Every structure is written in structure tokens, then in C-alpha cells.
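*Asks:* Please find the sequence and the predicted model below.
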Amino acid sequence: MNGRTFAKLGRFVAASLEGKGDLSPTERLVVMSYAYLDYAAAHPRLWRALFDLQMSTDMDVPAWYLEELGRLFSYIDGPVHECFPDMSAEEVALMTRALFSSIHGIVLLGLENRISGVPRDQIRNMIALILRSSTGNTAF
């Protein structure tokens, strides 16, 4: 079930970019992150199941999981590389993970109404703030 959910999430995020090729790389990251939030809000149990698996880097992780995670990260890699053209591939991969982790945490804490998160009506604003400031875009 998680394999199908991961694939659906990836398609949902990719579809959010259709017709938006004229946006800046930062704004494409924002659009994808909003899609990630929308998917998580619409399918909370399926979305949580993706990350409730007890997997770590020192375990044998199923190939399908790594493939789908890699596909999701590949959507982020492109705009990150455009924002930081002087970064090596390794640095882009690290920045991609950092941004994904940041957005995932914002979405998780916000949707669960955790005291350390932001109110639901501010999640989008926080996502945009983090992505725009992280990529050097100061227009908020």
C-alpha cells in the first residue's frame, strides 16, 4: 500500500507543476510544497503511513521505497540546482534533503496542531517563508 501511496504522492506533486514552467525555481519549490501539504491534508492516514515505517539507513530498505523517494527528491533537485548552480551534485542532494525535511516537519507539526507548529491557516505562509529565505529570495 505504501508503494502505491508514494507513487500517488509523487504524481500529485509533479502534476502541481503542469503549466508552471515560467515560475522561478523558488516558486516551483513553493508550488510543490503546497501540493505536498494538500496531499497530506487530504490523505492523512496514507501520508503518515509512509513515514511511520521504522526504517533507517542501516537497514535493508525495500527497493520500491528508495525508488519512489528518489523520484520525489528528483522533483526538488532540479529547482535546487537552478537556485544554487555552483553547488556540487552532493551539495544539491544535501540541500534537497534539508528542504524536504524542513517542509515535512512544517506540514507534520501544522497538520497535527502541535504546539511547536504553526496554526493550519499559517502553514502555507511558513512554507513560503522557509523556501524563499533558504534560496536567497527575499520577496515574501
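*Replies:* Looks like it came in fine.
*Asks:* Contacts only, for residue 39.
*Replies:* Residue 39 sits next to 8-9, 12-13, 47 when contact means Cβ atoms under 8 Å, 6 or more residues apart in numbering. Heads up, the C-betas are built off the backbone N, CA and C, glycines and all.
*Asks:* show me where the protein has strands.
*Replies:* Assigned by DSSP state E, the chain shows no strands.
*Asks:* in it, which residue is closest to the centre?
*Replies:* The centre of the chain sits closest to residue 100, judged by Cα atoms, centre = their mean, with a distance of 4.2 Å.
*Asks:* What pLDDT does the model give that residue?
*Replies:* If you check residue 100, the pLDDT there is 95.
*Asks:* For residue 37, see how far away residue 133 is.
*Replies:* 18 Å (Cβ to Cβ, to the nearest Å).
*Asks:* Likewise for residue 74?
*Replies:* Distance of residue 74 to residue 37, given as Cβ to Cβ: 20 Å.
*Asks:* Tell me which of those two has more neighbours.
*Replies:* residue 37 (21 against 12; other Cβ atoms under 10 Å).
*Asks:* The more buried one reaches residue 127, doesn't it?
*Replies:* Yes: using Cβ atoms under 8 Å, residue 37 makes contact with residue 127 at a distance of 6.8 Å.
*Asks:* Would you mind listing the residues touching both of those two?
*Replies:* Among the neighbours of residue 37, those also in contact with residue 127 (Cβ under 8 Å, 6+ apart) are 103, 107.
*Asks:* Could you list the low-pLDDT ranges of this protein?
*Replies:* The chain contains residues with pLDDT under 70 at 1, 53-58, 138-140.
*Asks:* Could you list the buried residues of the longest helix along the chain?
*Replies:* As assigned by DSSP state H, the longest helix anywhere in the chain is helix 89-111. For helix 89-111, burial by neighbour count (16 or more other Cβ atoms under 10 Å) applies to 92-93, 95-96, 99-100, 102-104, 106-107, 109-111.
*Asks:* want to throw those into CSV with distance to residue 68?
*Replies:* Below are these laid out as CSV (distance: Cβ to Cβ, whole Å):
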residue, distance to residue 68
92, 19
93, 16
95, 20
96, 15
99, 18
100, 13
102, 20
103, 17
104, 15
106, 21
107, 18
109, 23
110, 23
111, 21
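*Asks:* Fine, thanks again, bye for now.
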